[in-house]
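Student: I'll drop the sequence and a predicted model, then ask my questions.
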Amino acid sequence: MFETLSEKLTESLRRIRGLARITEENIEDTLLEIRSNLLEADVHYQVTKQFLARVKEKALGKEVTPGISPGQQFVKIVYEELCELLGGRSEKLNLKGFPSVIMLVGLQGSGKTTTAGKIALFLARQNRKPYLVPADPYRPAAIEQLLTLADKINLPAFPAKREQRPEEICEQALKTAKLQAYDTLIVDTAGRLHIDQELMEELVRLKKILNPSEVLLVADAMTGQDAVNIAKEFEEKVGISGVVLTKLDGDARGGAALSIKSVVGKSIKLVGVGEKLDALEIFHPDRMAGRILDLGDILTLVEKAEQAFDRKQAEKLQKKLKEKDFTLEDFRDMIQQLKKLGSMQEVLSLLPGMKSQMKMLKNLNLADRELKRAEAIINSMTRQERANFRIINASRRLRIARGSGTTVQQVNRVLKSYIQMRKMMKKFKPKDLERMLGVRF
């Protein structure tokens, strides 16, 4: 996300890091470069102008913090102002009332229906009881699409009919939610290819019926500055409480994310970062600013690790390592846990300074394929072979290679990696293992 903007800003700031002192003259060129970078990223002209004015004022009027160079201080100022530009702080969903109602609005094609499913899954994992409501009887298969999504994530949805009016669907869904004790209603409203009076009037009527605690505009990040204009229209005519930006994992230039708060006055609350239904994140301005400036996002990496690594499996692995009993089956389990973190490229992009190195790391996709291949090879082994690698002789290696669709050389590489990992694990002290696995004994 924001790859081009990130590269250009990082390069512009790299040249200023070594400054012995900050003056209006020696930061002028950098400010002009940053201005160009932001405008190319489709950031609103007025937002860019105000951003640069604040950076310049702070850079020239602030004393240098002890322990850091003037150039580093300038980068720190840019980072802080970028955080403010993106919204300042993350905002949680406002889930008041019983049931709490989240009303999703937006143009057709922005990803409302998929986002409804993502939010439902997101809330279900927080032990809430969401109820999906397809209130778009106009678009062909819109109702069926949401009902299919609900079935896929094993969550309930109101069985709306195409002949029903949106107002009728919402009234009945509210009654059902109260009777069935669903605590959150997620309403997927109709969209249009463009904003029109009829759509806005319908949304106002639905808002009156639902009395939602959240009216979230779902906007496509790929549309850039148009997303900001759309947000302004919906805010003026319907009233929104926040924004969900979709397709932030694509090659979005960044203009929408960097302009919405300043122009519309509403925060981005959630972002879609992939096609899978669990690819939805709370929007953290400080973390996003860190990613854009290649300062890393360690907090997100830690959260991903906490979600990916199962505590019971970690404890089991800890015990096995203490007993010097790390088998190929355990090696496979570790590979599966690593895959849950995402691709190698996604993981490395969250580390400080890695974005600038990504182009040189051409074998990242190869590394992902190697993990999948290693898992397939271990799965092709018998239980006895996974428990005792020493019995895997030449004929067994040939059989494993055929069973996994690989070569004997690839099987040998996996076994070599496992043996090296086994040796390394034996050297770990209990405290090292506790830190690595996140468990305490």
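Tutor: Good, I have the coordinates.
Student: low pLDDT regions in the stretch 251-400 of the chain?
Tutor: Flagging of the stretch 251-400 of the chain using pLDDT under 70 yields the residue ranges 251-254, 294-325, 337-368.
Student: what are the ranges of the strands in this protein?
Tutor: For the chain, strands defined by DSSP state E occupy the ranges 100-105, 130-135, 184-189, 214-220, 242-246, 268-272, 280-282.
Student: Quick one: residues in contact with the fourth one.
Tutor: If I follow you right, that is strand 214-220. The contact list for strand 214-220, computed with Cβ atoms under 8 Å, 6 or more residues apart in numbering, reads 93-95, 100-106, 109-112, 115, 207, 227, 230-231, 234-235, 238-247, 256, 260, 266, 269-270. No exception for glycine: its C-beta is placed from N, CA and C like everyone else's.
Student: partner strands of it, parallel or antiparallel?
Tutor: Partners of strand 214-220 in the sheet, by DSSP bridges, are strand 100-105 (parallel), strand 242-246 (parallel).
Student: just the angle between the last one and strand 268-272, please?
Tutor: To tie it back to what came earlier, the one meant is strand 242-246. 20 degrees (axes from the mean of the first three to the mean of the last three Cα atoms, to 10 degrees).
Student: Would you mind checking the average pLDDT for stretch 209-220?
Tutor: Stretch 209-220 shows a mean pLDDT of 90.
Student: Can you point out the buried residues in that stretch?
Tutor: 209-210, 212-220 (16 or more other Cβ atoms under 10 Å).
Student: Pipe the residues you listed into a markdown table and attach distance to residue 280 per row.
Tutor: Shown next, in a markdown table, are the buried residues of stretch 209-220 (distance: Cβ to Cβ, whole Å):
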| residue | distance to residue 280 |
| --- | --- |
| 209 | 26 |
| 210 | 22 |
| 212 | 19 |
| 213 | 18 |
| 214 | 14 |
| 215 | 18 |
| 216 | 12 |
| 217 | 15 |
| 218 | 11 |
| 219 | 14 |
| 220 | 15 |
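Student: Name the nearest of those relative to residue 24.
Tutor: Lowest distance from residue 24 to those (Cβ to Cβ) belongs to residue 219, with 37.7 Å.
Student: Check the spacing between that closest one and residue 111 real quick.
Tutor: According to Cβ to Cβ, to the nearest Å, residue 219 stands 9 Å off from residue 111.
Student: and for these two, which residues touch both?
Tutor: The contact sets of residue 219 and residue 111 overlap at residue 246 (Cβ under 8 Å, 6+ apart).
Student: related to what we said a few turns ago, I'd like to know which of the strands of the chain lies nearest to residue 386.
Tutor: Closest of the strands of the chain to residue 386 is strand 280-282, at 35.9 Å (criterion: Cβ to Cβ).
Student: got the contact list for that closest one?
Tutor: 90, 92, 115, 118-119, 121-122, 269-273, 300.
Student: what does stretch 86-100 give?
Tutor: Looking at what lies outside stretch 86-100 - Cβ under 8 Å, 6+ apart - the contacts are 102, 123, 128, 131, 174, 177-178, 182-185, 211, 213-214, 241-242, 257-258, 261, 267-270, 282-286, 288-289.
Student: Buried among the residues you listed? Make that a ChimeraX selection.
Tutor: Typed into ChimeraX, the next command selects the buried ones out of the contacts of stretch 86-100 (criterion: 16+ other Cβ under 10 Å):
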select :102,123,128,131,174,177,182,183,184,185,213,214,241,242,257,258,261,267,268,269,270,282,283,284,285,286,288,289
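Student: Would you check which pair of the buried residues of stretch 209-220 lies furthest apart?
Tutor: Farthest pair in these, by Cβ to Cβ: 209 and 220, 27.1 Å.
Student: any idea which residue of this structure is furthest from its center?
Tutor: Centroid-distance maximum for the chain: residue 395 at 45.6 Å, with Cα atoms, centre = their mean.
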